[in-house]
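Asker: I would like to see how this sequence folds:
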Amino acid sequence: MADSRRTRWAILGPGRISHDFAQSLTRSAHGSLQAVGSSSPKRAREFSDTYGAPGSGTYREVIDRDDVDAVYIGTVHTTHAELAIAALNAGKPVLCEKPASIDGAGAAEVIATARRVELPFLEAYKYRFGPLAQELRRIVSSGEIGLPLSLSAPYGFAARDRSSRLFSAAVGGGAILDVGCYPVSMAVGIAHWAGKAGMVAEASLSSTGAEMKARIDESAEAEVRIGSLTAQVETSIVRALPTRLVIRGTEGWFESDQMWGSRSASGTTAVVYREGRQGRPISVSSVDPLAAEADAVSRAIADGRSELPEVTWGETVAIAQLLDDWRRQVSEPAESSQ
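Answerer: This next block holds a predicted model:
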């Protein structure tokens, strides 16, 4: 049985993000790598040999192991929900790479399963972990900038390999699911931290533009509305976008160009402005966000908690529904004006 001292992890999917997670586990306070699962047992064995994990096998074989306490899912987007549900039903807490599902219905089923079996499920939005994320939550929830009214949140990069999963519709490729989920999740988070959790379920999204190629959304823009908050979100996998996050409220605003962080280090700086006052610089320490995610799950297991505050279940479902709407809107053929 896992406790806060040690959680034996299984990694599903020997891809790039899973390599990063395996490396981060060595820097975690409570976790170690126990097994690796893949649709290719050979790849699973090669991955486990690289990181010294004692076990490997198919997804099902690894999920069913008695010496595995928790499961990390780093597979392609289209398999996240299915594997998360299988692991939860097998009695294993889950840390799942974003998005939890490629559609709202899948995410709702994952959360319903986690709720039924009373086990931790956490969607791995890395920017939600670390001192800078904690400070942003405090600023928004305390009302330091007043009621949040607007959010500007671009996030995009230029992918080099057009043969990668990012450009494959069959595995849920495209900018919206891969990086557009970050600004959408930020909008949902801001509303939640501002005490509008009840309004999160009523969030709406309107596509304002997209670049499509071979059924893949290579770039997209949208407006998200949650109560009084209006968020302008933008994403791309064919060009780098500015990283500056700006949240404007009735009494001030928050700015940071480091909010998203990286896979190995959370952001450290931001500035808070109050109307009529000089900006207050924020400078905090950095953490390994993937290690922090794993440790958050370990603490939840030890405490007997199933829902984690960093990304609540209501947020996971709301984010998935908004992403679902966004993808549907950009994929629909433009209506001819008559």
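
Asker: quick one: residue 29 and residue 295 touch, right?
Answerer: Yes. Residue 29 is within contact range of residue 295, at 5.2 Å (criterion: CB atoms under 8 Å). Backbone N, C-alpha and C define where each C-beta goes, glycine included.

Asker: who's more crowded, these two?
Answerer: Counted by other CB atoms under 10 Å, residue 29 and residue 295 do not tie: residue 295 has more neighbours, with 22 against 14.

Asker: quick one: the strands in the stretch 201-338 of the chain?
Answerer: With DSSP state E, counting those that start in this stretch as the criterion, the stretch 201-338 of the chain has strands at 204-213, 216-226, 229-236, 245-249, 252-256, 269-274, 280-283.

Asker: In the protein, what residue spans correspond to helices?
Answerer: Secondary structure of the chain (DSSP state H): helices at 16-25, 41-51, 59-63, 80-89, 104-117, 131-142, 175, 181-193, 197-200, 289-303, 313-331.

Asker: For the nearest residue to residue 174 once chain neighbours are set aside, give me its contacts.
Answerer: For residue 174, ignoring the flanking residues on the chain, the nearest one in space by CB to CB, 6 or more residues apart in numbering is residue 217 at 4.2 Å. Residue 217 makes contact with 174-176, 180, 210-211, 327, 330-331, according to CB atoms under 8 Å, 6 or more residues apart in numbering.

Asker: what's the answer for residue 99, then?
Answerer: Contacts of residue 99 by CB under 8 Å, 6+ apart are 77, 80, 107, 123, 177, 181, 319-320, 323.

Asker: at 7 Å what do you get?
Answerer: 77, 80, 177, 181, 320, 323 (CB atoms under 7 Å, 6 or more residues apart in numbering).

Asker: and which of these is nearest to residue 61?
Answerer: The shortest approach to residue 61 among the contacts of residue 99 belongs to residue 80, at 19.0 Å (CB to CB).

Asker: Do you know the pLDDT at that closest one?
Answerer: Here, the pLDDT recorded for residue 80 equals 98.

Asker: Quick one: neighbours of it, just the number.
Answerer: Neighbours of residue 80 using other CB under 10 Å come to 28.

Asker: Equivalent analysis for residue 66, please.
Answerer: Taking other CB under 10 Å as the criterion, the count of residues near residue 66 is 6.

Asker: for it, phi and psi?
Answerer: phi -70, psi -20 (degrees, to the nearest 10).

Asker: Roughly how far does the closest residue in space to residue 286 that isn't next to it in sequence sit from residue 24?
Answerer: Of all residues beyond its chain neighbours, the one nearest residue 286 is residue 265 (4.6 Å), with distances taken as CB to CB, 6+ apart. Distance of residue 265 to residue 24, given as CB to CB, to the nearest Å: 11 Å.

Asker: which residues do those two both contact?
Answerer: Common contacts of residue 265 and residue 24, defined by CB under 7 Å, 6+ apart, comprise residue 288.

Asker: Can you give me the pLDDT of residue 276?
Answerer: Residue 276 is given a pLDDT of 80.

Asker: Tell me, how many residues neighbour it?
Answerer: Neighbour count of residue 276, defined by other CB under 10 Å: 7.

Asker: same check, this time on residue 49
Answerer: Residues near residue 49, counting by other CB under 10 Å, number 11.

Asker: and what of residue 242?
Answerer: 11.

Asker: and it, how far is that from residue 145?
Answerer: 21 Å.

Asker: okay, and the helix or strand of this structure with the least pLDDT?
Answerer: helix 197-200 (a mean of 89; mean pLDDT, DSSP states H and E).
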